[in-house]
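Trainee: Sequence first, predicted coordinates after that:
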Amino acid sequence: MPWWSWILLWVALISVSLLFYVLIGIRLFRKAMATLRELSEAGAKFGRLPEAPETAEDDGGRHLPVPGSAIFASPEQMRHDYFAAKASRQELRRQRRVKRKAERGQPQSLHDIEIS
């Protein structure tokens, strides 16, 4: 086999491999662009805060904080809000427990009765 046929063989192998790399690169680029497009659509869809519900003027004395306001609030204010909400939840649970036991005719706990 003459020497120039070896050169042609290597040129053909290199050109085929370059063509393969170009096609793989194009495919990878298209998949990356599709992924970025989906990410931008998801960001546009989920990137907004939900609209605040319409509230009446009198909310029964409850103050609902604006989302994100805890970042700028003082630690004392957040501690107060936490303990106030905790006490409110405990009182609601106690009221439900007293009501449930009264409906079933079960004896009430002295702890529950003395509080109210």
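Mentor: Now that the structure is in, tell me what you want to look at.

Trainee: from here on, contacts and neighbour counts on C-alpha atoms
Mentor: Fine.

Trainee: residue closest to the middle of the protein?
Mentor: Phe46 (8.8 Å; CA atoms, centre = their mean).

Trainee: okay, that one: pLDDT?
Mentor: Here the pLDDT value assigned to Phe46 is 84.

Trainee: which intervals of the protein have sub-threshold pLDDT?
Mentor: 49-50, 52-63, 115-116 (pLDDT under 70).

Trainee: 50 - rerun?
Mentor: 116 (pLDDT under 50).

Trainee: Please enumerate the helices of it.
Mentor: 3-46, 75-104, 110-115 (DSSP state H).

Trainee: Now render these as JSON lines, adding distance to Leu64.
Mentor: Shown next, in JSON lines, are these (distance: least, CA to CA, whole Å):
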{"stretch": "helix 3-46", "distance to Leu64": "23"}
{"stretch": "helix 75-104", "distance to Leu64": "10"}
{"stretch": "helix 110-115", "distance to Leu64": "27"}
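
Trainee: among the ones you listed, which is nearest Pro67?
Mentor: The closest of the helices of the chain to Pro67 is helix 75-104. By CA to CA, the value is 13.4 Å.

Trainee: What residues sit buried inside the closest one?
Mentor: 94, 98 (16 or more other CA atoms under 10 Å).

Trainee: in terms of contact count, name the helices or strands touching that helix.
Mentor: helix 110-115 (3 or more CA pairs under 8 Å, 6 or more residues apart in numbering; DSSP states H and E).

Trainee: Pull the distance from the helix it packs on to the chain's centre.
Mentor: 41 Å (CA atoms, centre = their mean, to the nearest Å).

Trainee: can you check stretch 64-84 too?
Mentor: 20 Å.

Trainee: Likewise for stretch 101-114?
Mentor: 41 Å.

Trainee: who's in contact with that stretch?
Mentor: If you take CA atoms under 8 Å, 6 or more residues apart in numbering as the criterion, stretch 101-114 is touched by 94, 98.
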